[in-house]
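Student: A structural model of the following input is requested.
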Amino acid sequence: MSAFKTLDDLGDVTGKVALVRVDLNLPMKDGLVTDETRIRASAPTIADLTAKGAKVLLLAHFGRPKGERSSTQSLSLVVGAVEKVIGQEIMFVPEVVGPVVAQSVGILGNGDVAILENTRFWKGEEANDPEFAKAIAENGDFFVNDAFSAAHRAHATTEGLAKLLPAYAGRSMQAELEALDAALGTPVKPVAAVVGGAKVSSKLDVLTHLVSQVDHLIIGGGMANTFLAAKGVDVGKSLCEHDLADTANSIIETADKSGCTVHLPYEVVVSKEFAANPPSLRTCNVHEVAADEMILDVGPSAVEALGDVLKTCRTLVWNGPMGAFETEPFDAATVSLAKTAAALTREGSLTSVAGGGDTVAALNHAGVAQDFSYISTAGGAFLEWMEGKELPGVAALSN
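Tutor: Numbers count the residues shown, from 1 in each chain. Model (predicted):
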């Protein structure tokens with residue numbers, strides 16, 4: 001991973017204007033923010049800059065207004081929630097460029113914070129229009145990107161600004177990049193990857209990239225059925241992409257050539273219906289699935305064997321659940337393997353990095369999220385990083 005500047009590289013910024021890209025795309029209900037995780041992620045960066053006496057202008061998008069102003073997607077709606085988390089009053093500025101922003105900067109004292117309006121109200125944001133980026137940059141002295149979750153987008157406020165002003169990674173971005181580097185950039189081997197989820201098609205690029213990077217690839221969730229079917233196993237009426245058999249087999253071939261062991265479930269939990277604790281629930285060998293049954297989780301002895309694999313590894317990257325974890329008892333494999341990974345991390349033998357929405361929910365459900373070395377809240381950016389793609393927002397910081 002290329003080098004990038006952090007807030008530790010800032011000189012005296014008293015009275016200087018920091019344009020800080022954060023993630024304020026927050027879940028709302030009845031006009032109130034329901035989850036403050038993303039605000040808390042950027043709080044250390046904001047605190048660092050205000051303590052140094054900078055004037056902090058927060059840039060963020062909210063929803064998908066497609067270049068039009070919309071009262072229901074104004075960032076004015078999140079100001080109260082941000083004030084509560086960072087513990088200071090915030091000015092709301094209904095523009096992102098022009099004289100209104102310049103006047104607001106004049107009113108702000110050193111160490112004050114303002115939130116500018118939703119950057120996506122302007123078409124120039126998603127188009128990464130250089131003129132729009134230049135107009136934003138005119139009101140700032142330096143740029144801080146603290147929104148890894150938007151780093152896979154080449155937009156004016158994620159990539160454009162980094163080319164126009166001295167650019168730094170915020171604390172959350174820095175932590176993310178350091179964790180990702182430890183997981184796949186320069187990891188301690190052996191490395192294991194757990195990839196779960198419903199469909200192979202959504203994670204094709206991830207699987208293809210990982211087999212050349214890791215020593216053990218553990219495949220769970222509905223996508224395991226596609227691999228099993230490709231190997232000639234009858235998966236009954238399980239969720240399965242039969243048309244991807246050739247793709248699945250070529251991924252396994254690539255893994256063999258790269259010296260990566262692919263682990264598929266040999267014991268599974270099946271049921272005739274997908275419901276909580278169904279009467280037809282049973283555990284069987286993967287070759288004993290009946291035509292009217294579906295595979296909904298990995299069986300306990302297979303999970304134990306996967307736990308033994310993790311005990312031989314030093315690094316783990318995790319994305320996606322092992323079974324249909326939202327419905328009991330099909331959460332058992334995910335919870336069990338997550339607990340093993342957490343215990344190994346606690347005792348210091350494993351560096352564990354996990355990411356993606358389902359994954360965070362699954363690890364919280366297992367009660368082990370706090371024990372992993374790092375959990376990325378980014379969805380798309382984390383997946384693209386797992387696919388080995390360069391993220392424009394990250395690349396711009398290191399130029």
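Student: How about residue 142: what's its closest non-neighbour residue?
Tutor: Of all residues not flanking residue 142 in the chain, residue 166 sits nearest, at 4.5 Å (Cβ to Cβ, 6 or more residues apart in numbering). Every C-beta, even on glycine, is put in place using the N, C-alpha and C of the backbone.
Student: my guess is the one you found contacts residue 143, does it?
Tutor: Yes - with contacts defined as Cβ atoms under 8 Å, residue 166 counts as touching residue 143 at a distance of 7.0 Å.
Student: For stretch 227-238, which outside residues touch it?
Tutor: Contacts of stretch 227-238 with the rest of the structure, by Cβ atoms under 8 Å, 6 or more residues apart in numbering, involve 200, 219, 222, 225, 240, 242, 244-246, 248-249, 251-252, 262, 264-265, 270, 286-287, 289-296.
Student: Between the two ends of it, how far is it?
Tutor: With Cα to Cα, to the nearest Å as the measure, stretch 227-238 spans 12 Å from end to end.
Student: centre of the chain versus it, how much separation?
Tutor: Here stretch 227-238 is found 30 Å from its chain centre; the criterion is Cα atoms, centre = their mean, to the nearest Å.
Student: what do you get for stretch 37-53?
Tutor: How far stretch 37-53 lies from its chain's middle: 20 Å, per Cα atoms, centre = their mean.
Student: What are the buried residues along that stretch?
Tutor: In terms of neighbour count (16 or more other Cβ atoms under 10 Å), stretch 37-53 has its buried residues at 38-39, 41-50, 52.
Student: quick one: which of those residues is nearest to residue 386?
Tutor: Of all the buried residues of stretch 37-53, residue 41 has the smallest distance to residue 386: 19.7 Å, by Cβ to Cβ.
Student: Tell me which helix or strand that closest one sits in.
Tutor: helix 37-51 (DSSP states H and E).
Student: What ranges does the stretch 251-399 of the chain have for its strands?
Tutor: With DSSP state E, counting those that start in this stretch as the criterion, the stretch 251-399 of the chain has strands at 261-263, 267-271, 282-285, 294-298, 315-319, 351-355, 374-376.
Student: pLDDT averaged over the helix or strand residue 175 falls within - what is it?
Tutor: According to DSSP H and E, residue 175 maps onto helix 171-180. The pLDDT scores in helix 171-180 average 91.
Student: go on, stretch 148-167?
Tutor: For stretch 148-167, mean pLDDT rounds to 93.
Student: can you pull the buried residues of that stretch?
Tutor: Buried residues in stretch 148-167 (16+ other Cβ under 10 Å): 148-162, 164-165, 167.
Student: what do you get for stretch 64-77?
Tutor: Buried residues in stretch 64-77, counting neighbours by 16+ other Cβ under 10 Å, are found at 65, 73-75, 77.
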